[in-house]
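[1] one predicted model, sequence on top.
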Amino acid sequence: MREYLRYALTIALKDLAIEWRTKTAFASGLAFAILVLAVLFFSRDPTAVASRDIAPGALWVTFTFAAMLGLNRAFFLESEERALDAVLLTGIPRSAIFWGKFLGNLAFVGAIEAVSLPLFVLFYDIVVWPYLPSLVLVIAMATVAFVAIGTILSAMVVRTRYAELMLPLLLLPFLVPPLVGGVQLTARLLDGRPLSDYLGWLRLIGAFDLAFVTLAAVLFGVVLDE
Amino acid sequence: MREYLRYALTIALKDLAIEWRTKTAFASGLAFAILVLAVLFFSRDPTAVASRDIAPGALWVTFTFAAMLGLNRAFFLESEERALDAVLLTGIPRSAIFWGKFLGNLAFVGAIEAVSLPLFVLFYDIVVWPYLPSLVLVIAMATVAFVAIGTILSAMVVRTRYAELMLPLLLLPFLVPPLVGGVQLTARLLDGRPLSDYLGWLRLIGAFDLAFVTLAAVLFGVVLDE
Amino acid sequence: MMTMDRAERMARVGGAITLLALVGVIGVYVRALAFTPVERFQGLAQKIYYVHVPNAWAALLAFVVTGLLSILYLWLKDRRIDLAAAASAEVGMAFAVVMMTTGPIWGKPIWGTWWTWDARLTSTLFLFLLFVGYLVLRGVMTDPGVRGRFCAVIGIMALVLVPFIHMTVYLFRTLHPQPILLKPSAPSLPGAMLVTLLTSIFVFTVLYVGFTTQRYALAVMRELRAEEAANAA
Amino acid sequence: MISTDPVLRAEKLSRSFGYRPVLRDVSLELRRSQMLVLVGANGAGKTTLLRVLAGLLRPTSGTVECSVRVGAVTHDSMLYPALTARENLRFFARLLNVNDPERIDELLELLGLGTRGDDRVQTFSRGMVQRLTIARALLHRPQLLLLDEPLTGLDASGRWELVERLGTLRADGAAMVVVTHQPEALHDVGTHLGRLDGGRLLALEPMGGVDA
Amino acid sequence: MISTDPVLRAEKLSRSFGYRPVLRDVSLELRRSQMLVLVGANGAGKTTLLRVLAGLLRPTSGTVECSVRVGAVTHDSMLYPALTARENLRFFARLLNVNDPERIDELLELLGLGTRGDDRVQTFSRGMVQRLTIARALLHRPQLLLLDEPLTGLDASGRWELVERLGTLRADGAAMVVVTHQPEALHDVGTHLGRLDGGRLLALEPMGGVDA
Ligand code: HEM
Ligand SMILES: Nc1ncnc2c1ncn2[C@@H]1O[C@H](COP(=O)(O)OP(=O)(O)OP(=O)(O)O)[C@@H](O)[C@H]1O
Ligand SMILES: Nc1ncnc2c1ncn2[C@@H]1O[C@H](COP(=O)(O)OP(=O)(O)OP(=O)(O)O)[C@@H](O)[C@H]1O
Ligand SMILES: [Mg+2]
Ligand SMILES: [Mg+2]
């Protein structure tokens, strides 16, 4: 078991090390986040809509698309020189590879979120401090599902040479539940209402996390074979 | 001169050939647009915002993301097996390579824009017919600038390994003006105000196009050296 | 796989079923247009109901079958199951397209809008898109083995996803029901209409079976021919 | 002949890509200290066979049994270009539970990369990448080596050293399948020469290397 | 010695990557029908030199003059994997203004890819890719060929045919620089043997090939 965890961690850390080296995915993710925030901010007709009303949507759309840019890369690393083959050759359990990539991506997406959240607060000047913990909780829950699915899907599309086009195509439908849930909860939070009023959404996202993290972990082995 | 055009076209067509290799690429472009639009639709707080208010933002986020995907891909094709080197070896003028990639990207982004526009009308049920021409004009203008800048910068990413971190962030300041301009104009148009009220924005984007398309074409040759 | 003549026989059977179903469809419409009372509020527009609903039903049926076959494929690893799943998905796509077009055509006169983000509509839309993705993926994968496994994974995940999307859109709506929107749900139909609807649903189910059998048989035949060709070379 | 039970056993392997059959009923057995040198025209299916034996590619039909630690070199370096040589080896060492810290430096030395261990693989020349790939394959002292054109890109001394090395490894009991277009280079170390033709493995001929 | 003015002239080329000097004052001249066979240890700078001569890499200092059509083979295939062999050649033919439509089929035949012209390059075996790369380099009948390890991945017959081919091309007046780790294979066709060491090009030795 400790072995197993060590394998997963080794893989995750390796991904982060590479990302830290090149910073490509992070930079483009961040750049894109800023673009989206700006676009959404300026796209509203100030006479019609208050910026804070579109803030939750902006936040989540930013997260989604910024993160998607990064996911493509995570498996490109493995396919570039077919390093994944060497990993498979080591004979470590395939689910360990999944958890490794999963953790790596989670850290990556988390980083992007951590950076765009302040930007978002800045742009839409809203007060988050009072309910920051709940907000973080919501974000975390939504992100987990998102990353789990993204991990298995990117492992597939990277083999198709149409990865850029295929990943959003396959991934976006799966994002609807966590995304919509995230937005709704965020909106409520910004209105200063307590999370407890929205257990429905929380439950939904929770169940979603559970279902798809398991499913992804189980199906991942199937995806690695050639 | 005819030679020159033929080179550019050959390159553009090659890119599109690879892009549309799969007959279903159009389908995926379409689905992609629907998904982005839908995600944005649901990422709003229905109690606070009417869908039409976020419509322009939705439209432009879709465009931006589509463009990003296209650009990332366009130069990955060249760098994958360093095919760009072989193109350089043919000794055709480097600006012809620029125009080729530029046209290819323009076609790709344009195609996605063309499919998302009607969907956007459908989903956010808004009436565009009256000012469709002006809208198309605005979109075209903003897209040109976007693609020109994207083309040259993505070329730099391919050739200069260590600049990877900087480039997406570099891209940013250049993209904000056309995007914000486009978004603002769209919003106004949807409010049924005539374009003529916004010559300021139009001029800005126009000037921007001129400046950066020229600049990109000129600088492109330099960028390609290693 | 299976032998060529078995595949051909299968194709013929599928063709026969399809033919039967088509006759049935004609029957249903004759009944729908001639012998079923015109709906009071919606008028003739309501006739589209007998196209829309059975198509929707057939589409959903097809997608569910694909999902189940996907599970089966990962379990038994038999290439034919993969082909069957693909066949079902393609046929379902056809029905879905009819559904997605008749729906709005119906919606415009009745709801006054082409589209509404109602729970069922939306979940259907996303399901539809997922299967676009499914078929696109099939299109771009070259190796049958990998293609089969990848598509199976998508099929299974789609199966799990749909209820979640439905719940989501439902929660989203209940927060703030649209004033103008009347959600499409079976109005308590007068007997005649109900009978017509049920028969049409039955007929379309048969049609689905016919199409899928045929499509599957054709796929098998294509594989067999290609194999012969390759072995000859 | 001390070694009795085979280290690697493949039974009636077939593999086709799309509809093109590439391998047809290939069966082979390999025991300790045996080196099968595999030749064949371009596109004969050597790489495919090796990838199937390594378990990286599913055979369309047939089975592969392998009881021991495997190390492999393929056409792709299977390394992370953005990491340094040492980082790459350390990463795989962790996954392979190779705990002896000297091992990595020892291999870098052995393959003449001692001075370049901390440069990114991205900046390596072709031959240097090939050397590192070989180092990765030897990391965990495998008992079965699957090598696809291991000599490509190596300079004269590199080739010579590698062949030497393979000889000693084999003598120490490692089994190997080596794909090459220059069997003559392996003449003294190989024990069996196999030719792949039309997807079939033709009868093995003996080679200079003594079968322990 | 008909050929008088050099086809390729390089003067005091230096190139460093970061702070690592890789080439130091390399000068060379090449005339029609001359073939310089270039050898050197892994990491000696052969590829770097070739890329500088091809104009793909800027020298840190020094100049390269080349008056004729150039064809090159490098470590990377420089092809589009998503396109078929024929599509690749057609694409480059357009850019090179090669209008003779037979040329492509002729080359595919010549390199033994006649039956595979309409398969995507991504499905090719290593040797098949190498063959296509060579076809691409010969497409426009270049008068100067820069070849980086052109024999790698080729099977015995492929190697033999290529060497033959290079011989005839040279006889017809083409000049070449060929990097290889097996100079012996080119003994009969090469005219000069150059060794790159410590970034310097050592004095050229004559080879078997007759300098027209
Ligand atoms: C706009 C696109 C539309 C789509 C994608 C769509 C999709 C569907 C789907 C998936 C079903 C479920 C069939 C089943 O549960 O077996 C359905 C049934 C139905 N739809 Fe639509 N529909 C659309 C528009 C409409 C419109 C405009 C109406 C007009 C009122 C309508 C009325 C119905 C009715 C009455 C049923 C059958 C009753 C029921 O199953 O509850 N639909 N449609
Ligand atoms: N992914 C793939 N898709 C389709 N065909 C493939 C694929 N990989 C290999 N092939 C085909 O299988 C055949 C054998 O390929 P393989 O790489 O095994 O040849 P090889 O013996 O290694 O040749 P080389 O000596 O050139 O390396 C070739 O005809 C090749 O085109
Ligand atoms: N992009 C780069 N960045 C940094 N260093 C590089 C780069 N490319 C090459 N080098 C270094 O330059 C030196 C020469 O590389 P080059 O590829 O020219 O060697 P080579 O003679 O072709 O070797 P081989 O026989 O292995 O192909 C090597 O030490 C290599 O590490
Ligand atoms: Mg091979
Ligand atoms: Mg080299």
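    Sure, I can see it. Ligands and ions are numbered 1, 2, ... in the order given.
[2] name the residues of chain C found near chain E, please.
    C:Thr142 (C-beta under 8 Å from any C-beta of the partner chain). C-beta here means a position set from N, CA and C on the backbone, and glycine is covered the same way.
[3] where does C:Arg173 land on pLDDT?
    pLDDT, C:Arg173: 66.
[4] try A:Phe212
    At A:Phe212, pLDDT is 95.
[5] hmm, it is touching C:Ile156, no?
    No - using C-beta atoms under 8 Å, A:Phe212 is not in contact with C:Ile156, being 11.0 Å away.
[6] and the gap between the nearest residue to C:Met221 once chain neighbours are set aside and A:Val87?
    Spatial nearest neighbour of C:Met221, excluding adjacent residues (C-beta to C-beta, 6 or more residues apart in numbering or on different chains): C:Ala7 at 4.7 Å. Using C-beta to C-beta, to the nearest Å, C:Ala7 is found at 41 Å from A:Val87.
[7] buried sites along the helix or strand where D:Ile104 lies?
    Per DSSP states H and E: D:Ile104 is located in helix D:102-110. Neighbour-count burial for helix D:102-110, with 16 or more other C-beta atoms under 10 Å in any protein chain shown as criterion, is recorded at D:Arg103, D:Ile104, D:Leu107, D:Leu108.
[8] now do that helix: distance to the chain's middle.
    19 Å (C-alpha atoms, centre = their mean, to the nearest Å).
[9] stretch D:127-141 and ligand 5 in contact?
    No - judged by C-beta under 5 Å from the ion, stretch D:127-141 stays clear of ligand 5, getting no closer than 6.6 Å.
[10] what does stretch A:41-57 contact?
    A:40, A:58, A:120, A:123-126, A:182-184, A:186-187, A:190, B:40, B:43-45, B:48-49, B:53-54, B:56-58, B:60, B:179-180, B:183-184, B:186-188, B:191 (C-beta atoms under 8 Å, 6 or more residues apart in numbering or on different chains).
[11] OK, contacts around residue 7?
    Defaulting to chain A. By C-beta under 8 Å, 6+ apart, the residues touching A:Tyr7 are A:Ile92, A:Pro93, A:Ala96, A:Ile97, A:Gly100, D:Arg94, D:Leu95.
[12] chain D was what I was after
    D:Val7 neighbours (C-beta under 8 Å, 6+ apart): D:Leu30, D:Arg31, D:Arg32, D:Cys66, D:Ser67, D:Val68, D:Gln143, D:Leu144, D:Ala175.
[13] how about a cut-off of 7 Å?
    For D:Val7, the contact set (C-beta atoms under 7 Å, 6 or more residues apart in numbering or on different chains) comprises D:Leu30, D:Arg31, D:Arg32, D:Ser67, D:Val68, D:Gln143, D:Leu144, D:Ala175.
[14] count the neighbours of C:Met93 for me.
    18 (other C-beta atoms under 10 Å in any protein chain shown).
[15] D:Gly209 in helix, strand or coil?
    coil (DSSP: H, G, I helix; E, B strand; the rest coil).
[16] got the residues of chain D near ligand 5?
    Within chain D, the positions near ligand 5 by C-beta under 5 Å from the ion are D:Ser125, D:Arg126.
[17] low-scoring stretches of chain D, by residue?
    D:1-4, D:211-212 (pLDDT under 70).
[18] likewise chain C?
    C:1, C:36-46, C:119, C:173-191, C:233.
[19] residue 63 - nearest residue in space that isn't next to it in sequence?
    Went with chain A since none was named. In this structure, A:Phe63 finds its nearest non-sequential neighbour in A:Glu113, 5.6 Å apart by C-beta to C-beta, 6+ apart.
[20] nope, chain C
    C:Gly92 is the one closest to C:Phe63 (C-beta to C-beta, 6+ apart), at 5.0 Å.
[21] so that neighbour makes contact with C:Ala56?
    No - here C:Gly92 lies out of contact with C:Ala56, judged by C-beta atoms under 7 Å, at a distance of 10.8 Å.
[22] quick one: which of the two has more around it?
    C:Gly92 (28 against 23).
[23] please, which helix or strand holds the more buried one?
    helix C:79-111.
[24] the next helix or strand after that helix and ligand 2 in contact?
    As assigned by DSSP H and E, the chain's next helix or strand after helix C:79-111 is helix C:119-140. No - Helix C:119-140 stays clear of ligand 2 (C-beta under 6 Å from any ligand atom), getting no nearer than 13.1 Å.
[25] now the angle from helix C:119-140 to helix C:79-111?
    Between the axes of helix C:119-140 and helix C:79-111, defined by axes from the mean of the first three to the mean of the last three C-alpha atoms, to 10 degrees, the angle is 140 degrees.
[26] ok so, going back, and the contacts of D:Val7, which are buried?
    Applying 16+ other C-beta under 10 Å to these flags D:Leu30, D:Arg31, D:Arg32, D:Gln143, D:Leu144, D:Ala175 as buried.
[27] among those residues, which lie within strands?
    With DSSP state E as the criterion, strands contain D:Leu30, D:Leu144, D:Ala175 from among those.
[28] so which two of the contacts of A:Tyr7 are the farthest from each other?
    Distance extremes for these: the farthest pair is A:Pro93 and D:Arg94 at 14.5 Å, using C-beta to C-beta.
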